[in-house]
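Undergrad: Structure of the sequence below:
(one chain, ligands or ions: 2)
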Amino acid sequence: MTAAATSPDRTATGYSATARAFHWITAAIVIALIPGGIYMANAEPGPAQDLAFNLHRSFGVVLLPLVLIRFVWRLRYPPPPLPRDIPLRQRAIAHAVHGILYALLIIQPLVGWIATSAYRAPITVFWLFELPPIWPQDRVFSEALFGLHKAFGILIALLATAHIVAALYHHFVRRDDVLMRMMRG
Ligand code: HEM
Ligand code: HEM
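TA: Numbers count the residues shown, from 1 in each chain. Ligands and ions are numbered 1, 2, ... in the order given. So this is what the prediction gives:
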């Protein structure tokens with residue numbers, strides 16, 4: 001084995017396979033939930049809208065334990081620090097965006113669950129089992145909470161877009177390893 005292969009610097013530059021799996025599964029679900037949510041909120045009632053509702057609620061609910069486990073796992077195994085040649089301000093912004101995304105990805109499914117409970121619509125997870133309502137029936141409150149769900153959805157979409165643009169900027173403009181350490185580790 002070469003000295004480079006055992007050097008702590010070398011092993012500490014990339015995300016682990018577990019961190020990458022968490023990231024890409026979460027990213028795929030979030031990227032599907034946003035256009036799916038917009039479609040179903042504006043679609044005509046019918047089987048296609050019902051299917052979209054069931055899929056949105058199912059994937060949205062799965063995200064909650066997934067992000068919670070991911071967050072606890074991250075506390076146990078902190079990610080590698082960003083390269084030191086990235087200006088401190090940019091590193092601070094990246095950390096802030098990641099932190100806000102983690103928080104929103106925990107809050108947003110809870111808002112969806114509470115709003116759907118207050119509406120008294122069933123939440124069937126992949127046609128397998130039903131989640132219990134966690135809020136008393138209150139249609140006015142439900143409407144207000146869905147307004148918040150929409151606002152958070154827009155915020156997540158904006159932050160995720162900025163995040164993706166930043167990843168592409170690192171790869172194609174700065175030509176550093178930031179994207180690759182989340183792709184290949
Ligand atoms: C991180 C997870 C989630 C994201 C990013 C997300 C995103 C969205 C978005 C963008 C919309 C469209 C809002 C609009 O245009 O009015 C939407 C609508 C909706 N979401 Fe979610 N959602 C998530 C989780 C959930 C969960 C867990 C549930 C329920 C258990 C849920 C239930 C709904 C419902 C019922 C609507 C339709 C609201 C309406 O008709 O006004 N969502 N969601
Ligand atoms: C094509 C889409 C995406 C690309 C190319 C991408 C790329 C990346 C890269 C390169 C990193 C590592 C940054 C670093 O080294 O500090 C990262 C981290 C992260 N990404 Fe993404 N990402 C994408 C989509 C998303 C989406 C949709 C979300 C959630 C809304 C998301 C949430 C996060 C979070 C929370 C982290 C921090 C991970 C940690 O340090 O624990 N990403 N992403």
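
Undergrad: Could you pull out the strands in this structure for me?
TA: With strands called from DSSP state E, the chain shows them at 123-125, 129-131.

Undergrad: Please identify the buried residues of the first one?
TA: In other words, strand 123-125. Within strand 123-125, the residues that count as buried by 16 or more other Cβ atoms under 10 Å are residue 123. Any C-beta I mention is one placed from the backbone N, CA and C, and that applies to glycine too.

Undergrad: Let's have the strands of the chain in TSV, adding mean pLDDT.
TA: TSV is the format used below for the strands of the chain (pLDDT from 0 to 100):
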stretch	mean pLDDT
strand 123-125	96
strand 129-131	97
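
Undergrad: okay if I get those as CSV plus distance to residue 36?
TA: CSV is the format used below for the strands of the chain (distance: least, Cβ to Cβ, whole Å):
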stretch, distance to residue 36
strand 123-125, 15
strand 129-131, 18
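
Undergrad: And these: which comes nearest ligand 2?
TA: Nearest of the strands of the chain to ligand 2, taken as Cβ to the nearest ligand atom: strand 123-125 at 20.9 Å.

Undergrad: Tell me which other helices or strands that closest one touches.
TA: When contacts are defined as 3 or more Cβ pairs under 8 Å, 6 or more residues apart in numbering; DSSP states H and E, strand 123-125 packs onto helix 47-76, helix 88-119, strand 129-131.

Undergrad: and if we set it to 6 Å?
TA: Judged by 3 or more Cβ pairs under 6 Å, 6 or more residues apart in numbering; DSSP states H and E, strand 123-125 is in contact with helix 47-76.

Undergrad: what angle sits between the helix it packs on and helix 88-119?
TA: 130 degrees (axes from the mean of the first three to the mean of the last three Cα atoms, to 10 degrees).
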